[in-house]
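Chemist: I'd like to go over a predicted model; first the sequence, then the structure.
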Amino acid sequence: MQIKNIQVLPLLKLPVLTVISLIMVGCGETPSAGGHGGMPPASVQVMSATTQDVPFNIELPATLSGSKEIEVRSRVGGILTSRNFDEGQTVTTGQSLFTVDIEPYQLAVARAEASLESAKATLNKANKDVARLSKLKNTMSISQSELDSAQASVEVSEAEVNKAKIELKQAKLNLDYAQVKAPIGGVMGREFVSVGTFVSGPELLLSQITQLDPIRLRFGLSEREQLAMRKDQTAGSLTLPENGHWQASIKLQDGSAYAHAGSVNFNDIRVNQATGTSELQAIIPNPEFSLRPGQFVRVSLSGAIRKNAYVVPQRAVLDNGTGKFVYLAAKAENGMLIAQPAPIKVGEWVQQTVDGEIKNFWVVRSGLKQGDQVIIDGMARIFFPGMPVAIAQEAAPTATK
């Protein structure tokens, strides 16, 4: 037997048994499926390819911000006489935060009350004058012009009373505004103005309040992914949440899951030209205030369903450098069961519960058909495509959760 033109270096990259097999082919000998001097069939486990509905989830990076972030400003001017909170303190709606010198506003209220009383007295006198002149008019002692003038004085006096009431209301409102109160409940930021400073009015920022419960989650979803989902939805292979209200759960930086979940309540129609994404927002309960604005997390969106999908265990999908494939247990022309490679196109990962354990699976978008026997265990014993195999056990159907 003569062996010629064997390229040694490339063969070094192949498994030893494959090299032996190639040498035997080069010598005119074909490896047998078994028996004396042959390679025994590889023992493998298979699963039958069947379609099923599986959850379609998306995981994305996200940032947190307060559901409301309010600037605290005084509506009236004056000397700031007290700060009524501690920085970082949790406050409730209507709680007093700052006090502006209230004495000028108390005096304004007293002055407005006095003006109202004076206007009422003038109105009372005008009404008495009309009543007296009306009697005299009946006896023809005065002219109609004098009576009309008295009645006009009543109307002017009524207007003055109304004006005085409005001024009193404004004075009381300003007195109330001198107590700068929390418009919402939340956590106080630091003070920007110290006690003793003259506050000119709303243009001066005093502090900030951040509402932490619930908290707002913001993240971007690429237009390419959204187009793909819309195409799958049109084709009937994907069911999306109604009105885009995905369920949103959070994974923290250490990989742990946050206890509370929320839902997406906003999807911006505009696409950011710099990132190619559109912004989504979810509202998440935060009763313990454990989530903080500015925090980076990962959000998992659920609620969509992939319809009639093939799924195979993650370990069954191989990559040969040009694409992904699986081995099928298929019959050769001579009736022998062999490992036949099948190129596939994969989609997203899904998790399924198998024997009480959560395991990862690939969604196979194309390359499989109903009933295909996919090899899911024993791939390490398959040294070359077309190698004889023997099915040790067929896996039970997976359960989706």
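Modeler: Received it, and whenever you're ready, just let me know what you need.

Chemist: In the chain, which residue is most central in space?
Modeler: residue 282 (3.1 Å; C-alpha atoms, centre = their mean).

Chemist: What segments of the stretch 151-300 of the chain are helices?
Modeler: 223-235 (DSSP state H, counting those that start in this stretch).

Chemist: Quick check: closest non-adjacent residue to the residue nearest to the centre of the chain.
Modeler: Distance criterion C-beta to C-beta, 6 or more residues apart in numbering; nearest residue to residue 282, sequence neighbours excluded, is residue 248 at 3.8 Å. Yep, even glycine has a C-beta here, placed from its N, CA and C like the rest.

Chemist: likewise residue 287?
Modeler: residue 213 is the one closest to residue 287 (C-beta to C-beta, 6+ apart), at 5.5 Å.

Chemist: pretty sure that neighbour is touching residue 289, no?
Modeler: Yes - using C-beta atoms under 8 Å, residue 213 is in contact with residue 289, at 6.7 Å.

Chemist: So which of the two has more stuff around it?
Modeler: Neighbour count, other C-beta atoms under 10 Å: between residue 213 and residue 289, residue 213 has more, with 18 against 12.

Chemist: Report the separation between that one and residue 186.
Modeler: Per C-beta to C-beta, to the nearest Å, residue 213 is found 8 Å from residue 186.

Chemist: Other residues contacting stretch 245-257?
Modeler: Identification of contacts with stretch 245-257 by C-beta atoms under 8 Å, 6 or more residues apart in numbering yields 58-59, 62, 217, 241, 258, 261-265, 280, 282, 284, 291, 296-304.

Chemist: So among the residues you listed, which ones count as buried?
Modeler: Buried subset of those (neighbour count, 16 or more other C-beta atoms under 10 Å): 62, 217, 241, 258, 262, 264-265, 280, 282, 284, 291, 297, 299-304.

Chemist: domains for this protein, by residue range?
Modeler: For the chain, automatic domain parsing gives the domain ranges 1-29, 30-54+308-400, 56-67+214-304, 69-210.

Chemist: low-confidence ranges in the stretch 151-300 of the chain?
Modeler: Within the stretch 151-300 of the chain, no stretch has pLDDT under 70.

Chemist: As a check, name the ranges of all strands in the stretch 201-350 of the chain.
Modeler: Counting by DSSP state E, counting those that start in this stretch, the stretch 201-350 of the chain has strands at residues 205-222, 238-239, 247-251, 262-267, 277-284, 296-313, 318-319, 324-331, 337-343, 345-354.

Chemist: I'd like the average pLDDT over the helix or strand following the last one.
Modeler: Spelled out, that is strand 345-354. Sequence order places strand 357-366 as the next helix or strand after strand 345-354, per DSSP states H and E. Mean pLDDT, strand 357-366: 89.

Chemist: now what about strand 357-366, what contacts it?
Modeler: Outside strand 357-366, the residues that reach it (C-beta under 8 Å, 6+ apart) are 54, 306, 309-314, 316-317, 326, 344-353, 398, 401.

Chemist: How about the lengthiest strand in the chain, which residues are buried there?
Modeler: Longest strand in the chain by number of residues (criterion: DSSP state E): strand 52-73. The neighbour-count check on strand 52-73 (16+ other C-beta under 10 Å) flags 52, 54, 56-57, 60, 62, 64-67, 70, 72 as buried.

Chemist: who does that strand touch, helix- and strand-wise?
Modeler: Applying 3 or more C-beta pairs under 8 Å, 6 or more residues apart in numbering; DSSP states H and E, one finds that strand 52-73 makes contact with strand 186-188, strand 205-222, strand 296-313, strand 345-354, strand 399-400.
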